[in-house]
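Chemist: build me a model:
(one chain, ligands or ions: 1)
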Amino acid sequence: MKGQRKCSLCEAEMELSYVPMEEWKMDGFLCGRCYSRKLAEFYPGEHVRVEPSEK
Ligand SMILES: [Zn+2]
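Modeler: All right, here's what the predicted structure looks like:
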């Protein structure tokens, strides 16, 4: 077993892992791509970014 975490959704190995929101009812961790996709699924219309940007 490698120390690297795998994404719960796509099973890709992750350098950066994201903790899913509680309301997603998921175990494990997500990669940035799946995390963004989940955000878009759960909060359609809202442009939630993984990394907040400031103006
Ligand atoms: Zn993924």
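Chemist: from now on I want contacts and neighbour counts done on CA atoms only, so please keep to that.
Modeler: Fine.
Chemist: helices of this protein, start to end?
Modeler: Here the chain has its helices, by DSSP state H, at 32-42.
Chemist: which bits of it sit near the ion?
Modeler: Proximity of the chain to the ion, by CA under 5 Å from the ion, involves residues 7, 10, 31, 34.
Chemist: residue contacts, the third one?
Modeler: Residue 31 makes contact with 6-7, 12-14, 16-18 under the criterion CA atoms under 8 Å, 6 or more residues apart in numbering.
Chemist: per-residue confidence for the residue nearest to the spatial centre of the chain?
Modeler: Most central residue of the chain, judged by C-alpha distance to the mean C-alpha position with CA atoms, centre = their mean, is residue 35 at 2.2 Å. Note on residue 35: pLDDT of 95.
Chemist: how many other residues sit next to the residue nearest to residue 6 when sequence neighbours are not counted?
Modeler: Spatial nearest neighbour of residue 6, excluding adjacent residues (CA to CA, 6 or more residues apart in numbering): residue 13 at 4.4 Å. Using other CA atoms under 10 Å, residue 13 has 16 other residues around it.
Chemist: and residue 13, what is it in contact with?
Modeler: Per CA under 8 Å, 6+ apart, neighbours of residue 13: 4-7, 31.
Chemist: buried ones in stretch 27-43?
Modeler: Within stretch 27-43, the residues scored as buried using 16 or more other CA atoms under 10 Å are 29-32, 34-36, 38-39.
Chemist: redo those as TSV? Include distance to residue 45.
Modeler: Shown next, in TSV, are these (distance: CA to CA, whole Å):
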residue	distance to residue 45
29	24
30	21
31	21
32	19
34	17
35	16
36	13
38	13
39	10
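Chemist: so residue 28 is in contact with residue 17, correct?
Modeler: No - judged on CA atoms under 8 Å, residue 28 makes no contact with residue 17 at a distance of 9.3 Å.
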